[in-house]
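> Fold the following for me, if possible:
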Amino acid sequence: MGRKAREKSVRTRTESKPGEEQTRPRAPLTPAKAALFLFITIAFPFLVIGLLEAGLRIANYGGDTSAFQSAPALGSGYLVPGSNVGRRYFPQERFPPSPPGDAFLVTKPAHSLRIFVLGESSAAGFPYPPNGTFARVLEDALTDVLPRDTVEVVNMGMAATNSYTIVDLAGEVIDQRPDAVVIYGGHNEYYGALGAGSTETLGSHPSFVRLYLNLQRLKTFLLLRNLTSSVLRLVRGGRSARDIEADATRMESVVGNQRIMLDSKAYLDGVDQYESNLRVAVGKFRAAGIAVFIGSTPSNLRDLTPFGPSAIPPDSTATIVFDSAREVLGRDSVRAAGLFSRARDLDVIRFRAPGEFQSVVQRVARDTKAVYVPVAEGVAAASRYRIPGSEIFLEHVHPNQGGYVLLARMYFDAIRRANFLGRTADMSRFAGWDAYTRRMKLTDLDQRIAYHTIKTVTTRWPFVPVSKQLDYRGTYKPVDFMDSLAFTVSRGGMPWARAKSMLAERYVASGETDRAVAEYEGLMRDEPGIEIAWRLAGRALLSANQPQSAKPYLERAYSLQPNKLTAFSLGIIAMQEKKPERGIPYFEKALELDPSMTPAMYQLSLAYALTRDINRARAMAMRLSQVAPEYPGLAGWMKVIGIGPR
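Have a look, this model is predicted:
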């Protein structure tokens, strides 16, 4: 074929009429391929999110906010409340509140009673250190009367939280297989994290807020939340973590609405929020077969002037009713009680649970078959004029030491009426509430810490108007060493345990052994599984020439973690008791821990000889002579056991 013929053939094959398709038509997709492409299109965003979630988890973005975490100091067999769980509710704070560190066993014993306490700062024991919580008093009493069971009362109370925290923690608490849950809360319902009047609020729909809390389990959601918060702060301004921490008290930083009038929309939103969350949380517990003891929440009615005048704008309505109540108190306490309650309910700054909350608790308890605990009624019965005041409360809602014991008593009585949930109790072992008060081990230092903490709170808004508030932390001058330690702890400048140890050391140096031991006993109560406080208490008593008093402390320390000095001290006590056979294992352990411990070598040689093991006595004396030939008394002792000069 010639060139012209080939070109004509090509044009014939490639040219087409206008409007005709010039490319080869594609084969139609099969249904299977169409479904595959659709699946990839839909799944791709989820795959990206999944990879992002995995990466954020590997990087531990946002930290671990689990409700529970391991306790390395106690070993792998224990869990404690999560130290960062409060970050769920206070994401902008560097140091959010956290629960007390009550440890419990990972594997629940067959014969046990495990109780979780849920609530706010009063449940957490504010303003006392962990030894001041009613949860620990309750555990003491239950441990005594239930000798066949391992009793664990785990406190999950957190300051500045409310019923949203209770419902958020419910699932994780259920996973730990509790036999019962104790709930004590309601005062922070409006201003606690995510509350109807809080700076952290997300609106007035509890179901939406609960969904938000559930989504926080996802690291991707945390990233989106944090990015959104950063952008909003840049656009419209807002409080940074530094701004929040500048407030002397958390009360100043959580209030978003200073005027919540009785029966207003915000007030009714708070009531609805409280009841809705309680119903969900208690319903979950009851569905899991867990007993629930939910108490009413009393407050200081008689000796606290309403906060209304400190609101912006001020409101004196509650104050007028409060003053009327004071006028009639001496001649008609029943009428006065009603007026004081009315004044609390009219107070527009809602740091106290209104009286309506008591009806909510009773209604929820009845409908869910939970146990209503009449805490408010019990506190009123124990108060002058049957109206709660300063004999129970330190300020508006937080009990003093006796008040916390009273709370423990109310819940103990409720559990007792429930037949201790099927456990066999021996009430003859009940020590009495005065004894349990002493077992709290709150010393003068602890009481002083509480004093400074309360003074810091009550010299600022809302206890006084902003124009009259004081900088207590910036102006107070400590009066002595103990007061200085207490003041430093109260302002967050020193850990409580460190202050206790420093004061105990000062007491030992000054010969005040009993006071030193009292401080160490406070540390023992807080961390009974840590040996150092037991050892230091024993050493303090030994230095005061009280070996028999020191012995039980040293034995406990030795059982927790053998230490060369503890072992040696117990060996010496055994020798003083003329029981060298008991001293030998202790001296041997001391040398195992420190092979160069010459005093242990000498005492072990003596102990061997006293038990008629002369060969080992000589061998140990020879070992000592090689290490410390001039050891005091060694030369004479070697002669006694028949070893001549070398």
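
> Show me which residues of stretch 514-534 are buried.
515-527, 530-534 (16 or more other Cβ atoms under 10 Å). Every residue, glycine included, has its C-beta placed from N, CA and C.

> G125 against F134, yeah?
Yes. Between G125 and F134 there is a contact under Cβ atoms under 8 Å: 7.3 Å.

> and the two? which has more neighbours close in?
Counted by other Cβ atoms under 10 Å, G125 and F134 do not tie: F134 has more neighbours, with 30 against 26.

> Okay, T143 and G101: tell me how far apart.
Taking Cβ to Cβ, to the nearest Å as the measure, T143 falls 18 Å from G101.

> tell me the domain boundaries of this structure?
Annotated domains of the chain cover 68-303+353-439, 562-646 [automatic domain parsing].

> Please identify which of the ones you listed is closest to R556.
Proximity to R556 (Cβ to Cβ) singles out domain 562-646 among the domains of the chain, at 9.6 Å.

> On the three-state scheme, E139 is what?
Counting by DSSP: H, G, I helix; E, B strand; the rest coil, the backbone at E139 sits in helix.

> which residue is nearest the centroid of this protein?
Most central in the chain under Cα atoms, centre = their mean is P99, positioned 1.5 Å from the mean C-alpha point.

> Return the residues in contact with that residue.
Counting by Cβ atoms under 8 Å, 6 or more residues apart in numbering, P99 touches P81, G82, V85, A124, N155, M156, G157, M158.

> Over to G270?
Per Cβ under 8 Å, 6+ apart, neighbours of G270: E189, Y190, G195, A196, G197, I260, R350.

> got TSV for those residues, with neighbour count, secondary structure and distance to N563 too?
Below are those laid out as TSV (neighbours: other Cβ atoms under 10 Å; DSSP: H, G, I helix; E, B strand; the rest coil; distance: Cβ to Cβ, whole Å):
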residue	neighbour count	secondary structure	distance to N563
E189	27	coil	49
Y190	30	coil	51
G195	30	coil	49
A196	27	coil	54
G197	23	coil	53
I260	23	coil	57
R350	28	coil	53
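
> Can you tell me the SS state at F293?
Classification of F293 by three-state DSSP places it in strand.

> and it, how many residues sit next to it?
24.

> Next one: G55 from Y61, what distance?
On the measure of Cβ to Cβ, G55 and Y61 end up 8 Å apart.

> okay, those two: which has more neighbours?
The residue with more neighbours, out of G55 and Y61, is Y61; 15 against 12, by other Cβ under 10 Å.

> my read is that one is in a strand, agree?
No. Assessed with three-state DSSP, Y61 is coil; it does not lie in a strand.

> For it, list the residues it contacts.
Y61 is in contact with K219, L222, L223, counting by Cβ under 8 Å, 6+ apart.

> next one: L113
By Cβ under 8 Å, 6+ apart, the contact set of L113 is L142, L146, D149, T150, V151, E152, D179, A180, F420, L421, R423.

> quick check, nearest of those to S207?
Nearest member of the contacts of L113 to S207, counting by Cβ to Cβ, is A180, at 26.9 Å.

> How much space separates A71 from V173?
From A71 across to V173, the span is 17 Å (Cβ to Cβ).

> So those two - more neighbours on which side?
Neighbours of A71 and V173, each counted by other Cβ under 10 Å, are more numerous for V173; the result is 22 against 19.

> hey, where'd the strands end up in the chain?
Counting by DSSP state E, one finds strands in the chain at the ranges 68-71, 75-81, 104-105, 112-119, 150-155, 180-184, 291-295, 371-373.

> the inter-axis angle of the longest one versus strand 150-155?
Think strand 112-119. Put simply, strand 112-119 runs at 10 degrees to strand 150-155, going by axes from the mean of the first three to the mean of the last three Cα atoms, to 10 degrees.

> Can you list the strands that strand 112-119 pairs with?
Paired strands of strand 112-119, with direction, are strand 150-155 (parallel), strand 180-184 (parallel) (DSSP bridges).

> Single out the most deeply packed of those strands.
The highest average neighbour count among the strands paired with strand 112-119, using mean count of other Cβ atoms under 10 Å, belongs to strand 180-184 at a mean of 26.

> hang on, the earlier thing: can you redo the strands of the chain as CSV with mean pLDDT and distance to T453?
Listed next are the strands of the chain as CSV, based on pLDDT from 0 to 100; distance: least, Cβ to Cβ, whole Å:
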stretch, mean pLDDT, distance to T453
strand 68-71, 94, 26
strand 75-81, 94, 21
strand 104-105, 97, 27
strand 112-119, 98, 18
strand 150-155, 98, 18
strand 180-184, 98, 20
strand 291-295, 98, 24
strand 371-373, 98, 27
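
> Dump the ones you listed to JSON lines, plus distance to L606.
Output for the strands of the chain, formatted as JSON lines (distance: least, Cβ to Cβ, whole Å):
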{"stretch": "strand 68-71", "distance to L606": "41"}
{"stretch": "strand 75-81", "distance to L606": "36"}
{"stretch": "strand 104-105", "distance to L606": "42"}
{"stretch": "strand 112-119", "distance to L606": "46"}
{"stretch": "strand 150-155", "distance to L606": "42"}
{"stretch": "strand 180-184", "distance to L606": "55"}
{"stretch": "strand 291-295", "distance to L606": "59"}
{"stretch": "strand 371-373", "distance to L606": "61"}
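
> And those strands: which comes nearest L301?
Taking Cβ to Cβ, strand 291-295 is the member of the strands of the chain nearest to L301, at 16.9 Å.

> CA atoms of the closest one as PDB?
Extracted in PDB, the C-alpha atoms of strand 291-295 (Å, rounded to 0.1, in the frame of the first residue of the first chain):
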ATOM      1  CA  ALA A 291     -26.700  -1.000  96.200                       C
ATOM      2  CA  VAL A 292     -26.800   2.800  96.300                       C
ATOM      3  CA  PHE A 293     -26.900   4.900  99.400                       C
ATOM      4  CA  ILE A 294     -27.700   8.500  98.400                       C
ATOM      5  CA  GLY A 295     -27.800  11.200 101.100                       C
END
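
> where's it relative to the chain centroid, distance-wise?
Put simply, strand 291-295 sits 19 Å off its chain's centre (Cα atoms, centre = their mean, to the nearest Å).

> Summarise which helices and strands it is packed against.
Counting contacts by 3 or more Cβ pairs under 8 Å, 6 or more residues apart in numbering; DSSP states H and E, strand 291-295 packs against strand 180-184, helix 265-287, helix 356-368, strand 371-373, helix 401-417.

> what about 6 Å?
Strand 291-295 makes packing contacts with strand 180-184, strand 371-373 when contacts are defined by 3 or more Cβ pairs under 6 Å, 6 or more residues apart in numbering; DSSP states H and E.

> contacts for the longest one?
Under the contact criterion Cβ atoms under 6 Å, 6 or more residues apart in numbering, strand 180-184 has outside partners 115-119, 123, 285, 290-295, 411.

> Having no further points to raise, I will conclude here.
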